[in-house]
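Undergrad: starting from these lines, generate the structure:
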Amino acid sequence: MLMLFLLGYAAGLPLLLIGSTLQAWMTNEGVDLTAIGAFSLVGLPYTIKFLWAPLLDRFQLPFLGRRKGWMVLFQILLVLNIAALSLIQPKEQIWLLSFLSFTLAFFSASQDVVLDAYRREILPDEELGLGSSVYVNGYRIAMIVSGAVALRLADQISWDKVYQLMALLMLPAILFTLIAPKENVDENMSPKDLKSATLGPLKDFFTRSGAWVVLCFILFYKVGDSMASNMTTPFILDIGYSKSDIAYVAKSFGMIATILGGLIGGAMMLKFSIKKSLVIFGLLQAISTLGFAALPSMSLSLSSLAMIIAFENLASGMGTASYAAYMASLTNKQFTATQYALLSALMGVPRVILASPTGWMSKTMGWESFFIFCTFAALPGLLLLIWVFRLEKPVPEATI
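TA: Reported below is the predicted structural model:
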């Protein structure tokens, strides 16, 4: 579990270095706002990482085993890439900055693919919940380091020094990987050719009973939670709270609640099955959203805001833990990297696409009605869950 936390840290550190932290650096250097906005495209590899995931299932490097060899390679490349970014003058070398940011996203997304597969292969099913939550919490801590801590440092030292420090902080990831336990899977299980590596995961998944129902469940389980979360900040500001209130309560206190929720959810899954956890945590997610509908009728109070935020983030953290564990349990160990990359890409759809009309909805419906709608939006996912359990059969160890 300690190794999974540290590897989660290794996965999360690069993300904001091509996101909000890089945007802050570019803004300080006077880069045009149009270029800064367009830089969101360098994160494309995170969305399409499933395209090259079959290569990571098919091939293994001649050292450290099927997963750990790739992990070390990508971590070395990430350290060098972050260090190279520190040598760039953003305004004068915008195209080189774009290229290095894109390669950083590619190496980071590739590391994510291998780490997700490693986590699935090293844990027995009953420990997937706790392992996933520990890993995600390491990821979140790393995002604080490469986000808030990096921005604070940039007020004290130059940006090139900040990125050089981030490269140094990425360096221990290599040590974490070297001392991490070997995955519990037969190395000869790798697909024998690219056709098997590419088509095998799809054939394996879609020949299972109820495959389409499972995909619909993954799509809808966190729809209500994602829609509500997308409008939380505008909502809190609109009803009279200040930006400082959001910083102290919604962000800081809320982050702690999310981390605790993941840990509590993971620990509970050692006692309960993933199935029971999905139901219990899904219901808690839906109920917690109702708190936002009640908040406008309460007097402005940090204690009221903290209570609502804590409950919602706690429930969301628990739901994410069971959600990630369930997706991992669906993967065939022969195709872990590809199948998990595909499922996690589908997991991101509600956050990116289905949550996009929430601004219009809240404006049209009003805040109370909007959050009540988000509560009921969680019900289809829970109903699909009952259907999934009726159709579910054990995941095969290998099919090709």
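Undergrad: next one: residue 114 relative to residue 327, how far apart?
TA: Applying Cβ to Cβ, to the nearest Å, the value for residue 114 to residue 327 is 16 Å. In short, each C-beta sits where N, CA and C put it, glycine included.
Undergrad: over to residue 239?
TA: Counting by Cβ to Cβ, the gap from residue 239 to residue 327 is 35 Å.
Undergrad: how about low-confidence regions in the stretch 51-200 of the chain?
TA: Scanning the stretch 51-200 of the chain for pLDDT under 70 picks out 184-190.
Undergrad: now do the helices in it.
TA: With DSSP state H, counting those that start in this stretch as the criterion, the stretch 51-200 of the chain has helices at 53-58, 65-85, 94-122, 128-144, 150-154, 159-170, 172-179, 194-206.
Undergrad: and if you look at the stretch 251-400 of the chain?
TA: So, for the stretch 251-400 of the chain - with DSSP H, counting those that start in this stretch - the helices run 254-271, 274-294, 302-330, 336-347, 349, 358-365, 367-377, 379-391.
Undergrad: in TSV, list the ones you listed along with mean pLDDT.
TA: Converted to TSV, the helices of the stretch 251-400 of the chain look like this (pLDDT from 0 to 100):
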stretch	mean pLDDT
helix 254-271	83
helix 274-294	88
helix 302-330	85
helix 336-347	80
helix 349	67
helix 358-365	83
helix 367-377	90
helix 379-391	82
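Undergrad: would you list those in CSV and tack on distance to residue 203 and mean neighbour count?
TA: Converted to CSV, these look like this (distance: least, Cβ to Cβ, whole Å; neighbours: other Cβ atoms under 10 Å):
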stretch, distance to residue 203, mean neighbour count
helix 254-271, 30, 20
helix 274-294, 25, 20
helix 302-330, 15, 23
helix 336-347, 11, 24
helix 349, 23, 15
helix 358-365, 37, 14
helix 367-377, 33, 19
helix 379-391, 18, 16
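Undergrad: adding distance to residue 91, write those helices out as a markdown table.
TA: Below are these laid out as a markdown table (distance: least, Cβ to Cβ, whole Å):
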| stretch | distance to residue 91 |
| --- | --- |
| helix 254-271 | 33 |
| helix 274-294 | 42 |
| helix 302-330 | 38 |
| helix 336-347 | 34 |
| helix 349 | 36 |
| helix 358-365 | 33 |
| helix 367-377 | 41 |
| helix 379-391 | 46 |
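Undergrad: gap between residue 333 and residue 123?
TA: Residue 333 sits 11 Å away from residue 123, going by Cβ to Cβ.
Undergrad: mind checking which of the two has more residues around it?
TA: residue 123 (22 against 18; other Cβ atoms under 10 Å).
Undergrad: run through the residues that contact that one.
TA: 131, 328 (Cβ atoms under 8 Å, 6 or more residues apart in numbering).
Undergrad: one more: the one 10 residues further on?
TA: The contact partners of residue 133, by Cβ under 8 Å, 6+ apart, come to 262-263, 265-266, 317, 320-321, 324.
Undergrad: what do you get if the cut-off is 10 Å, keeping everything else the same?
TA: 1, 4-5, 8, 259-269, 317-318, 320-322, 324-325 (Cβ atoms under 10 Å, 6 or more residues apart in numbering).
Undergrad: and for residue 15?
TA: Here residue 15 is in contact with 21, 43, 46, 104-105, 108-109, 112, 139, 142-143, 146-147 (Cβ under 10 Å, 6+ apart).
Undergrad: repeat for residue 371
TA: Applying Cβ under 10 Å, 6+ apart, we find residue 371 in contact with 224, 227-228, 231-232, 235, 289-296, 362, 365.
Undergrad: what's the distance between the residue most central in space within the chain and residue 382?
TA: Nearest to the mean C-alpha position of the chain, by Cα atoms, centre = their mean, lies residue 136 at 7.1 Å. Separation of residue 136 from residue 382 (Cβ to Cβ): 22 Å.
Undergrad: please parse the chain into its domains.
TA: As assigned by automatic domain parsing, the chain contains the domains 2-189, 194-391.
Undergrad: got the CA coordinates for the host helix or strand of residue 5 in PDB?
TA: For residue 5, the host element (DSSP states H and E) is helix 2-12. Output of helix 2-12 as PDB, limited to C-alpha atoms (Å, rounded to 0.1, in the frame of the first residue of the first chain):
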ATOM      1  CA  LEU A   2       2.900   2.400   0.700                       C
ATOM      2  CA  MET A   3       4.400   1.600  -2.700                       C
ATOM      3  CA  LEU A   4       1.000   2.300  -4.300                       C
ATOM      4  CA  PHE A   5       0.800   5.600  -2.600                       C
ATOM      5  CA  LEU A   6       4.300   6.600  -3.800                       C
ATOM      6  CA  LEU A   7       3.600   5.400  -7.300                       C
ATOM      7  CA  GLY A   8       0.400   7.400  -7.300                       C
ATOM      8  CA  TYR A   9       2.500  10.400  -6.400                       C
ATOM      9  CA  ALA A  10       4.800   9.600  -9.400                       C
ATOM     10  CA  ALA A  11       1.700   9.500 -11.600                       C
ATOM     11  CA  GLY A  12       0.200  12.800 -10.400                       C
END
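Undergrad: many thanks, we can stop here.
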